[in-house]
Structures are given as C-alpha cells and as structure tokens.
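Novice: Sharing a sequence plus its predicted fold:
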Amino acid sequence: MSVPARAGKCRDCRHFRNDPEYLERAFKGLSALSSASASVRADDGLCLMHDIYLSAESSCADFAPLKQSCGEKAS
Amino acid sequence: MSRVEADIAGQPARRSSSGWHELWLKEDWWAIWLGLGIVLIGLVLFFYGASWRWVAVTPTKWTGFAQLGAHFADNWPRYLVQFALWAAAFSLALRAMGRRPREFLPAFAFVYVLSLVVFVIGQWERANFYGFEAPLVALIFGLGLANLVGLPRWLDAGFRVELYIKTAIVLLGATVPFTLIIWAGPVAIVQASIVSLVTFGVIYFVATRLGLDRRLAATLGVGGAVCGVSAAIAISGAVGGKKEDAPIAITLVLIWAIAMIFILPFVAHQLQLSAGVGGAWIGTSEFADAAGIAAAQTYAGLVSGTGAVSGTSDQAVLAFTLMKVVGRDVWIGIWAFALAIVATTRWETGLGRKANAAEIWWRFPKFVIGFFIASLLVTAMTADYALADFNKSVNPVLVAPIKDLRSWAFIFCFLSIGLTTRFRELAAAGRKPFLAFTSGVIVNVALGFLLSAVVFASYWTNLAP
C-alpha cells in the first residue's frame, strides 16, 4: 500500500465501506456489547480492496473515486 | 462482477459523521439528548409540583399472582404510555441515525414485553432467595432465546444495547451528586490508569511473544484494558488492523465479559466485599460498560437482598460507574491517538495518514459528558435543600422516578445483550489470541482486586451517594 502524493482519502473511495448497518453485519457480535454508531468508532470502515479496517482519513495508491463507474478499474 | 462490485451493488452509501453531523448521527449524542431530555422535563415538572412518577411505573413487589393481577389491572394505562414514550424517543434517535423506525417498533415492543416479564420476576419477594437478580434473569432469558430457540432477524432492529445503556448512564448521572464525582473521580482515574497500563502491557507482550501481528496485539490489549468491544474497534481502526482482527477481539471480549457477569458479583459476595469495594472491583475488571453494569446491578441486588455485606446497592452501582465510565472509558481517544502514532511511524502499515490529535476528541465517548451534565444539573437545581428536605421532597418526586426509568433502560440493555449474543455466529478466535487475552484477564482481575479491596479499600467503602 504505497501512497502517491495526490491520493484521495478512504472516505471518498469506492472500496471503502463504513455504513454502521453494514459494519454491524460484517462484524458479528459487534452490537452485543457495542455499536457501529458509537463515537469511539469515528468514521472508520472496511477497505474491501485490502481487507483492512482503517480510518476514513487514510489513503493509498489504489484509491478509486466514488464517481468511477463499476466497469472501470475495480481491483 | 468482482467481489467489490457485488458488495457495492447491495450496500447503502458510506457515511460521514464527523464535525457537527456527529450531534445527530452518533448514539452517544442521542443518549445525551434522550437522557438529559428526561432529566430536564423532570426538573420542570418538579418545580411546577408535578413528576415523572405516573409514567415511571414499575412492577410492584409481589408474593402471589392475585397481587400482581391487581397491580396490572390498576396500572396498565401507565405501562402503555411509558411504552409509547420510550418507543417514540428511541425511534426518533434511530431515525436520525439512518435506521428504520418501521423495523424498530415491532422489535422494541418485543423487548418491552420481555423486559416487563423480567422486571416482574425480579420483583418477586423470593427472587433474591433463589438468586433471580433481574440482570441475570434478563441475560439468561436473552441468551436462551437467541441460542437455543432462535429468533427472526427482523427483531435485531430492537436490540440496541449501546443506546439503552448510554441513556441509562446519563440518567444515572442525575442521581449522583456532582461533588461526589469531583471527590471520587481522581482516585478512579489513578486506579484505572494503573490497571489499564498493566493489562495492555501483559496482553500486548504475550500476544507479540506468541507471534501475533502487532496490530492485533494492540487491538486485543486495549480491548482488555479499556472498554471492551468499543475499544477494540476504535484501536483496530486507528492502527489499520486486518479485517479479521476486530471480530477476534469481539469474540474474546464477549465471552469473558459474559463470564464475568456471573463470576465477579458472586465471588465478591463470597468474599463479603463491601458494596463500594465490590462495585469498584467490577468496574476495574469488567470489559464493557453494558456487561459491567449488569454485574454491578447483580452485586447491588445481592447487597440489598441478603444484607450479608456492608453498604448500599447504590454504592455498588456508583463505584462501578466512577471506576469504569469516569476512570477507564475516557482514555480511549488517547490510546487510539498514541497507537496511531506508533502504527503510522513505526509499523509501516502504509495507512497514508498522519496521526491526528483531534482523534482524541473524535473517539471520546461523548455520553460521559451527559453523565456529568445530568449530575451537575440536578445538584445545582436542588442545592438549596437540606439533606432531610432533599430526602423528603426531592427524592420521591424527582430522583426516584428517574431511577425507575433508568432501571427500565438497564433491563432493555441486559436483555438485548443476551438476545444479540449468538455464540455460533462469532468468529473463531484461535488459541494464541485466546491465551494472550486470557493472560490479561487474569492479571486484570487480580490487580483490580488488590487495588479495590486493599490499596483503595477504605476509600471505596466510604463512598456515599
């Protein structure tokens, strides 16, 4: 995961998912003693490209803007 | 279609809850709005000679079914109104956070009816004799239904553990004198800091010695040291953990937290720890707020029901709250910031960001602010009352109804813990993470006992609400 100088942030990347309902489905048991809507989570989410859970402020060379159509570079 | 595209096709848009958006998109803030709303309305009613009393109905203590029947025959409209108010308040909050009230309402009706059954069982005169403490009944009931019977998925919409417990903790603040928080807070913070640093150190050391990835080691370490699942997801995000790290931590925290709900109160009772000491020990050694409150409430029930140990049930809950919420939870942002610095400068995770001190605020458990404000409000507004007048005029009209509403929110929470814990669905943790986390559990429980029952014993014993 190298980072080019002008890469966008994960929060604007199509590989990034941080919707609370999505995360509660992805992390089984999360809602039993916590919640994806808790302040402590901030805006963290899952990167489906690299299979990591990270801050929305992160960025990497594989950044793909949200507007990109599904047929373009998906992986 | 790639996996990414398949996933995107069926998923909602990503959400940004930073900045002012947080005020209506995060559960912590909604717990503050709901909790402080109840407290403020209670204060207004109080100064106009009225009260939440009528709405804050709870099942009466009973010895026979005839007595119970008479109670419900007389009071069913109060339960209906109370249900409607809870449902409206939680629906409003969940709607603002992007959830669907249409799914929540029927599920919450299920939670409310089951909570009523649990409350009734807990109010049976012989309940204490048989060990039927309401938190344990709720938990066992919920676990049994979720794991042995099975429930339809649509009911999950009503099992909002965190919203219920955070609202209850804000309400708890209204019953705690602010002067007591100022007096007790520093010791709680010192004790919590010692235990948190040692527990994190042990888990991290054992985990890395066993060859686990440093990010997983940090996630497990803070999960055990600070506030369980919430801490684990915060740290996993801050250090850029692998997708499977957080589920491993969730599994381990959940198993140990539920085990400790049953173990800590009964061991504390066997050791005849005073209410304050027992509450502080639970606050130091439980892993999550919701599970900890369940354990502390259980101990409170044992204290008041058996009379075998000194202190009051309120002391147990108060000591727990000071220790866990004031002492431990508030550090999560600092842990996240510190570990983000380490991860981005030394672990070469390629996160493409610099650690940002603002993270301390972003991740701060905001509901704690509501706990402080509620305490400050009630303390300031009733400061002119002498103790005798307070007990005669303020307590039954203002404080007691808030306590009863808090009890309902606690039971919604305890029941929801059980109903959402499906053991078969949890991720396999693996032997090494289990060993690392368990080593921290052992040290945490022993050190928590030493600090609560020996080093600071006189302090916690004399904690007076």
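Specialist: Good, I have the coordinates.

Novice: who touches the closest residue to residue A:9 other than its chain neighbours in this structure?
Specialist: Computed as C-beta to C-beta, 6 or more residues apart in numbering or on different chains, the closest residue to residue A:9 that is not its neighbour in sequence is residue A:59, at 5.1 Å. Just so you know, the C-beta spots here come from the backbone N, C-alpha and C atoms, and that holds for glycine as well. Counting by C-beta atoms under 8 Å, 6 or more residues apart in numbering or on different chains, residue A:59 makes contact with A:3, A:7-10, A:13, B:352-353.

Novice: now residue A:7
Specialist: A:59-61, A:63, B:352 are the contacts of residue A:7 under C-beta under 8 Å, 6+ apart.

Novice: And for residue A:58?
Specialist: A:9-10, B:240, B:351-353.

Novice: cool, residue A:44 as well?
Specialist: Contacts of residue A:44 by C-beta under 8 Å, 6+ apart are A:18, A:53-56, B:233-234, B:236-238.

Novice: ok, now residue B:412?
Specialist: By C-beta under 8 Å, 6+ apart, the neighbours of residue B:412 are B:86, B:111-112, B:115, B:164.

Novice: where does chain A have low pLDDT?
Specialist: A:1-6, A:67-75 (pLDDT under 70).

Novice: same deal with chain B?
Specialist: B:1-15, B:17-18, B:131, B:306, B:348-350, B:465.

Novice: Which residue does it have closest to chain A?
Specialist: residue B:237 (3.0 Å; C-beta to the nearest C-beta).

Novice: isn't that residue right next to residue A:57, touching?
Specialist: No: under the criterion of C-beta atoms under 8 Å, residue B:237 lies out of contact with residue A:57, with a separation of 10.0 Å.

Novice: coming back round to it: now render the contacts of residue A:7 as a markdown table, adding secondary structure.
Specialist: Shown next, in a markdown table, are these (DSSP: H, G, I helix; E, B strand; the rest coil):
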| residue | secondary structure |
| --- | --- |
| A:59 | coil |
| A:60 | coil |
| A:61 | coil |
| A:63 | coil |
| B:352 | coil |
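
Novice: any idea which of the residues you listed is closest to residue B:431?
Specialist: Nearest to residue B:431 out of these is residue A:60 (C-beta to C-beta; 32.3 Å).

Novice: Could you measure from that closest one over to residue B:287?
Specialist: 33 Å (C-beta to C-beta, to the nearest Å).

Novice: Would you mind telling me which of the two has the busier surroundings?
Specialist: Between residue A:60 and residue B:287, counted using other C-beta atoms under 10 Å in any protein chain shown, residue B:287 has the larger neighbour count: 33 against 24.

Novice: wait, isn't that one in contact with residue B:225?
Specialist: No: taking contacts as C-beta under 8 Å, residue B:287 lies outside contact range of residue B:225: 9.1 Å.

Novice: Helices of chain A, residue ranges please.
Specialist: A:20-26, A:30-33 (DSSP state H).

Novice: Using PDB, write out the CA atom coordinates for stretch B:225-245.
Specialist: Taking Å, rounded to 0.1, in the frame of the first residue of the first chain, the C-alpha atoms of stretch B:225-245 are listed here in PDB:
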ATOM      1  CA  ALA B 225      -7.600  -2.700  29.200                       C
ATOM      2  CA  VAL B 226     -10.200   0.000  28.500                       C
ATOM      3  CA  CYS B 227     -13.700  -0.700  27.300                       C
ATOM      4  CA  GLY B 228     -14.000  -4.000  25.500                       C
ATOM      5  CA  VAL B 229     -15.600  -4.200  22.100                       C
ATOM      6  CA  SER B 230     -15.800  -0.400  21.700                       C
ATOM      7  CA  ALA B 231     -12.100   0.000  22.500                       C
ATOM      8  CA  ALA B 232     -11.200  -2.900  20.200                       C
ATOM      9  CA  ILE B 233     -12.900  -1.400  17.100                       C
ATOM     10  CA  ALA B 234     -11.500   2.000  17.900                       C
ATOM     11  CA  ILE B 235      -8.000   0.700  18.100                       C
ATOM     12  CA  SER B 236      -8.300  -1.600  15.100                       C
ATOM     13  CA  GLY B 237      -9.400   1.400  13.000                       C
ATOM     14  CA  ALA B 238      -6.700   3.700  14.400                       C
ATOM     15  CA  VAL B 239      -3.900   1.200  13.600                       C
ATOM     16  CA  GLY B 240      -5.400  -0.200  10.400                       C
ATOM     17  CA  GLY B 241      -6.000  -3.700  11.600                       C
ATOM     18  CA  LYS B 242      -6.700  -6.700   9.300                       C
ATOM     19  CA  LYS B 243     -10.400  -7.300   8.700                       C
ATOM     20  CA  GLU B 244     -10.400 -10.300  10.900                       C
ATOM     21  CA  ASP B 245      -8.700  -8.600  13.900                       C
END
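
Novice: Quick one, which of the contacts of residue A:59 are buried?
Specialist: Listed as buried from the contacts of residue A:59 are A:7, A:9-10, A:13, B:352-353; burial here means 16 or more other C-beta atoms under 10 Å in any protein chain shown.

Novice: Please, which helix or strand holds residue B:200?
Specialist: helix B:178-209 (DSSP states H and E).

Novice: Tell me the helices and strands packed up against that helix.
Specialist: Packing contacts for helix B:178-209, counted by 3 or more C-beta pairs under 8 Å, 6 or more residues apart in numbering or on different chains; DSSP states H and E, involve helix B:214-222, helix B:275-285, helix B:367-381, helix B:431-450.

Novice: rerun that using 10 Å as the cut-off
Specialist: helix B:214-222, helix B:228-239, helix B:275-285, helix B:313-321, helix B:332-346, helix B:367-381, helix B:431-450, helix B:457-461 (3 or more C-beta pairs under 10 Å, 6 or more residues apart in numbering or on different chains; DSSP states H and E).

Novice: which stretch among the ones you listed comes nearest residue B:126?
Specialist: helix B:313-321 (18.0 Å).

Novice: that older thread, how about the contacts of residue A:58, which pair is most distant?
Specialist: A:9 and B:240 (13.5 Å).

Novice: Common neighbours of these two, please.
Specialist: A:55, A:58, B:352-353 (C-beta atoms under 10 Å, 6 or more residues apart in numbering or on different chains).

Novice: Please identify which of the residues you listed is nearest to residue B:418.
Specialist: So of these, ranked by how close each gets to residue B:418 (C-beta to C-beta), first place is residue A:55, at 32.4 Å.
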